[in-house]
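1. Give the three-dimensional model of this entry:
(one chain, ligands or ions: 1)
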Amino acid sequence: MADGKQAGEQLQFQAAILRYVTDSVIVTDLHGTITYWNEGACVIFGYSALEMIGKTLVVLSPDLNVAQHVDNFERILAGHDYAGEWQGRRKDGTTVWLDVKTTILRDTEGTAIGLIGISKDITARKEAEERLCQSEKLFRALIENMDGGLGLTDVNGIITYISPSTTRMVGFLPEEFIGRRVFERMVYPADQEATERLWARVLEEPGKSHALEYRSKHKDGSFLWIEVVGLNLLREPGIEAIVWNYRNVTERKQLTEEVARAKEQLEAILRNVADGIVVVDGSDRLIYANDAVAHHFGLPTSEAMLASSQANITHKHDMYAVWDEWGRPLPACERPTAQAFRGKPAQALVKFQSKITDHVYWSLVRAHPIFDEQGQVQYVVCVYTDLTERKEVEQRKDHFISMASHELRTPLTVLSAYTQLLRERFVAEDRQEAAQYLSKMNDQITKLTRLVVDMLDISKMQAGQIDMAREAVDMEALAREVVESLQPTTGHHLLIEGEARETITGDRERLGQVMMILLDNAIKYSPQADTVVVRMARAGDMLTVAVQDFGIGIGNEHQGRLFERFYRALSKKDKTYPGLGIGLYIAHEIIQRHAGKMWVESNEGSGSTFFFSLPA
Ligand code: ADP
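-> Numbers count the residues shown, from 1 in each chain. This next block holds a predicted model:
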C-alpha cells in the first residue's frame with residue numbers, strides 16, 4: 001500500500017511537471033483516441049483538455065496524408081521513434097508549424113498501450129526561414145539582372161563567384177572566371193599596374209571602398225572601359241570575401257573624351273581670336289581670360305591675368321581709370337558687365353587709362369549674361385574689341401577738323417564784316433544792284449560760317465568741351481522766334497500748334513539751334529509738300545516738342561542710326577539733298593546734355609516727325 005501511495009505521488013508529480021512544460025504533450029491509445037492533453041497543448045492549439053480527451057487527432061491535422069500516417073505508425077510500433085516537422089491547425093483556424101517527436105508508450109509489462117507525442121511550436125522560425133528564402137530570391141534576381149556585375153574573391157584574389165550579368169558585359173561565362181585570379185589576363189597592358197595597385201589597397205584597408213576605371217578585355221577581343229569598386233569584407237561574418245562591383249562605362253568615357261576634345265578646340269579658337277574674352281562669375285571672380293585680353297591690359301599671358309587676385313578688369317579701380325565714350329568717368333554700376341549681371345546684354349565704348357603708365361586703351365565692351373536653370377545670372381561673358389588704333393586715327397581727324405574750322409572762322413568773320421561795310425557804302429551811294437550782289441554774298445558767307453561753327457561744335461562735343469548755360473527759357477516764345485526767322489527764307493508754311501506756356505531751364509541759344517536744325521531738315525526733306533508743323537505739349541513733368549513734315553520719310557533700317565555723327569539716310573536717288581550728316585548729331589547731343597530725349601517716327605514716302613522732350 002505504501003508502495004502504491006508512493007507510485008501515486010510520483011505520478012501526480014510527473015503530471016504536474018508535464019502540465020507546465022511549454023511543449024505540447026499529447027497521449028493517445030493505440031486507436032488514436034486522446035487520453036492526455038497538457039497545458040502546452042492548450043496554449044499551442046487553443047483547445048482545452050476537456051474538449052480534446054476522448055477525441056482523435058484528426059481535428060488538428062486537416063491535410064493528413066493517411067498513407068504516410070499509417071506508415072509512420074507502423075514504424076513507431078516497431079520501436080523507431082518518429083521525429084519530423086508537421087503542420088497543424090489551431091482552434092481559431094490558423095496554421096501552426098510543429099517540431100514533433102512521437103514515441104511508443106508501454107505499460108509496466110512492456111506492452112504497447114499508446115503513443116506519446118511531444119511537439120514544439122516552430123511557426124516563428126518557419127516564417128523567418130520563409131522570409132529569408134524570399135529575400136535570397138530577391139537578391140539573386142537583383143544580382144542576375146543588375147546593370148553591371150558582381151564578383152567575389154578570396155584573400156588571394158581567387159575568384160569564387162561571378163554574377164551572370166557579367167556575361168552580358170564582357171562576353172565570358174561566369175565559369176570562365178571561377179578559380180582564376182582577379183584581373184588576370186583581362187586587363188589592357190597599360191592599365192595593369194593600376195589594377196595591381198587597386199588590389200593592394202583593397203586588401204590593406206578592410207571595409208573601405210576603392211574605385212578604378214580601367215580597360216578590360218571583351219570575349220570578342222575589343223576593350224571596354226570598366227569602373228570597378230572593390231570592398232574588402234574578408235572579416236565580415238557570413239561574407240568573408242572581397243566584393244567587386246563593376247560596370248561598363250565605355251560610352252560615358254567616349255562622351256567625356258569627345259567633350260574634352262571639343263573644349264580643347266574651342267579653347268584654341270578663343271585663345272587665337274583678336275578680341276579679348278573674359279568670363280566673370282557671380283562673385284565677380286575672373287574664371288576665364290584669353291591671351292588677347294591679357295595683352296590688351298598689358299599683361300604677358302592669360303594665366304598672369306587669371307592669377308591676379310582682383311577679378312573683373314573693368315573693376316580694377318586701383319589700376320585703371322574708366323571713362324565713357326564722351327570722356328565722363330564711368331561708375332562701376334553702369335559698366336556693361338554690371339548691367340549684364342542685372343540680366344540684360346549691354347555694350348559700351350569704354351576708355352581705360354592705366355594709372356601707372358597713363359596709357360590709354362579704347363574698347364568696345366560687349367557683355368552677355370549666362371543664366372542658370374533658375375534663371376539667375378551665373379556668368380557674364382565680356383568681349384573686348386580693341387578700338388585704340390581706330391580711336392587714335394579718329395582723334396587725329398577730329399583734331400584736324402577742329403583746327404581747320406578754327407582757322408577758317410577768323411577769315412570768314414573778317415570777310416563778313418567787309419562785305420557788310422561795302423554793302424552799306426553801296427546803299428549810301430544808291431548803287432542798288434551792287435548792294436544786292438553783296439547781300440547775296442553775305443548770305444553765303446553766313447551759311448559758310450554756320451557750317452564752320454557746326455564743325456567746331458562737333459569736335460567740341462566729341463571732346464566733351466561744350467558748356468551749356470542754365471537760364472529760364474520760354475519754349476513757346478523760342479519756337480515763335482525761330483519760325484519767324486526762317487519763314488522769309490522758305491516757301492513752306494511753318495505752323496505752330498498746341499500751347500505750352502512752359503519755362504524750362506537750359507541754354508536758350510543751343511535749344512534754338514536744335515529747333516533750327518529740325519525745321520531746316522523738315523523743309524529740306526519735303527520738297528513736294530508745303531507745310532511743316534511744330535507741336536508742343538506737356539505730358540507729366542516733360543515738355544515735348546514735335547516737328548512734323550510730309551516729305552520723303554526715313555526707312556526703318558536707318559532710324560536707329562540717324563543721331564550718329566556723319567550718318568546720312570539717303571538712297572542713291574536722293575543724292576541731290578545737300579548735307580554733311582552732322583545736324584541731328586548736334587541736336588541730339590544738346591538735348592542729351594539737357595537731360596532730355598530725342599527720337600523719330602517716320603514712314604518712308606509720307607513724312608517724318610522728330611520729337612524731343614525736356615524736363616519741364
Ligand atoms: P544732313 O541733313 O546734313 O544730311 P542731319 O544730321 O541733319 O544731316 O540728318 C541726317 C540724315 O537724316 C539726313 O542725311 C537725312 O537722310 C535724314 N533726315 C533728317 N531729317 C529728315 C527729315 N525730316 N526727313 C527725312 N530724312 C531726314
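2. Just give me the neighbour total for Glu130.
-> Residues lying near Glu130 (other C-beta atoms under 10 Å) number 10. For glycine as for every other residue, the C-beta is placed from the backbone atoms N, C-alpha and C.
3. Where does it sit, in terms of helix or strand?
-> Applying DSSP states H and E as the criterion places Glu130 in helix 123-145.
4. elements contacting that helix?
-> strand 95-106, helix 165-170 (3 or more C-beta pairs under 8 Å, 6 or more residues apart in numbering; DSSP states H and E).
5. buried residues in the first one?
-> Using 16 or more other C-beta atoms under 10 Å as the test for burial, strand 95-106 gives Val96, Trp97, Leu98, Asp99, Val100, Thr102, Ile104, Leu105.
6. Closest one to Ile586 out of the residues you listed, please.
-> Nearest to Ile586 among the buried residues of strand 95-106, counting by C-beta to C-beta, is Trp97 at 106.2 Å.
7. show me the contacts for that closest one.
-> Trp97 is in contact with Glu85, Trp86, Gln87, Asp121, Ile122, Thr123, Arg125, Lys126, counting by C-beta atoms under 8 Å, 6 or more residues apart in numbering.
8. mind checking the SS state of the third one?
-> Looking back up the chat, that one is Gln87. Following DSSP: H, G, I helix; E, B strand; the rest coil, the label given to Gln87 is strand.
9. Just list whatever residues bridge to it.
-> Per DSSP bridges, the residues bridged to Gln87 are Trp97.
10. In contact with the closest residue to the ligand within the stretch 151-300 of the chain, which residues are there?
-> Per C-beta to the nearest ligand atom, the residue of the stretch 151-300 of the chain with the smallest distance to the ligand is Asp275, at 30.7 Å. For Asp275, the contacting residues are Ala292, Val383, Tyr384, Thr385, Asp386, by C-beta under 8 Å, 6+ apart.
11. Which of those has the largest number of neighbours?
-> For these, neighbours tallied by other C-beta under 10 Å; top is Tyr384, 26 neighbours.
12. Now name the helix or strand holding that one.
-> With DSSP H and E as criterion, Tyr384 is part of strand 377-386.
13. Which strands and helices lie in contact with that strand?
-> Checking 3+ C-beta pairs under 8 Å, 6+ apart, strand 377-386 ends up next to strand 276-281, helix 291-296, helix 336-341, strand 360-371.
14. Any idea which of the ones you listed has the lowest pLDDT on average?
-> Comparing mean pLDDT across those, the weakest is helix 291-296, with a mean of 84.
15. CA-only coordinates of it in CSV, if you can.
-> Taking Å, rounded to 0.1, in the frame of the first residue of the first chain, the C-alpha atoms of helix 291-296 are listed here in CSV:
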residue,chain,number,x,y,z
ASP,A,291,45.6,86.0,-74.2
ALA,A,292,44.2,88.8,-76.3
VAL,A,293,42.6,90.4,-73.3
ALA,A,294,45.7,90.0,-71.2
HIS,A,295,47.8,91.7,-73.9
HIS,A,296,45.1,94.4,-74.1
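16. immediately after that helix, which helix or strand?
-> Moving toward the C-terminus from helix 291-296, the next helix or strand (DSSP H and E) is helix 302-307.
17. mind saving the C-alpha coords of that following helix as PDB?
-> Extracted in PDB, the C-alpha atoms of helix 302-307 (Å, rounded to 0.1, in the frame of the first residue of the first chain):
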ATOM      1  CA  SER A 302      46.000  85.000 -69.700                       C
ATOM      2  CA  GLU A 303      47.500  82.900 -66.900                       C
ATOM      3  CA  ALA A 304      49.000  86.000 -65.400                       C
ATOM      4  CA  MET A 305      45.700  87.700 -65.700                       C
ATOM      5  CA  LEU A 306      43.800  84.800 -64.000                       C
ATOM      6  CA  ALA A 307      46.400  84.700 -61.300                       C
END
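18. Kindly spell out which helices and strands sit in contact with the helix or strand following it.
-> Moving toward the C-terminus from helix 302-307, the next helix or strand (DSSP H and E) is strand 320-323. Applying 3+ C-beta pairs under 8 Å, 6+ apart, one finds that strand 320-323 makes contact with strand 346-354.
19. neighbouring strands for the strand it packs on, and are they parallel or not?
-> Sheet pairing for strand 346-354, using DSSP bridges, gives strand 320-323 (antiparallel), strand 360-371 (antiparallel).
20. Show me what the following helix or strand past the strand holding Tyr384 is packed against.
-> On the C-terminal side of strand 377-386, the nearest following helix or strand under DSSP H and E is helix 388-428. Under the contact criterion of 3+ C-beta pairs under 8 Å, 6+ apart, helix 388-428 touches strand 360-371, helix 432-462.
21. Taking strand 346-354 as reference, get the angle to helix 388-428.
-> 100 degrees (axes from the mean of the first three to the mean of the last three C-alpha atoms, to 10 degrees).
22. Name the spans of this protein whose pLDDT lies under the cut-off.
-> When residues are selected by pLDDT under 70, those of the chain lie in 1-5, 7-8, 11, 308-318, 574-575.
23. Centroid-nearest residue for it?
-> Asp372 (2.5 Å; C-alpha atoms, centre = their mean).
24. who's in contact with it?
-> With C-beta under 8 Å, 6+ apart, Asp372 has these contacts: Gln378.
25. circling back: need the buried residues of strand 95-106 in JSON lines with distance to the ligand, can you?
-> As requested, the buried residues of strand 95-106 are arranged in JSON lines below (distance: C-beta to the nearest ligand atom, whole Å):
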{"residue": "Val96", "distance to the ligand": "105"}
{"residue": "Trp97", "distance to the ligand": "103"}
{"residue": "Leu98", "distance to the ligand": "108"}
{"residue": "Asp99", "distance to the ligand": "108"}
{"residue": "Val100", "distance to the ligand": "113"}
{"residue": "Thr102", "distance to the ligand": "119"}
{"residue": "Ile104", "distance to the ligand": "127"}
{"residue": "Leu105", "distance to the ligand": "127"}
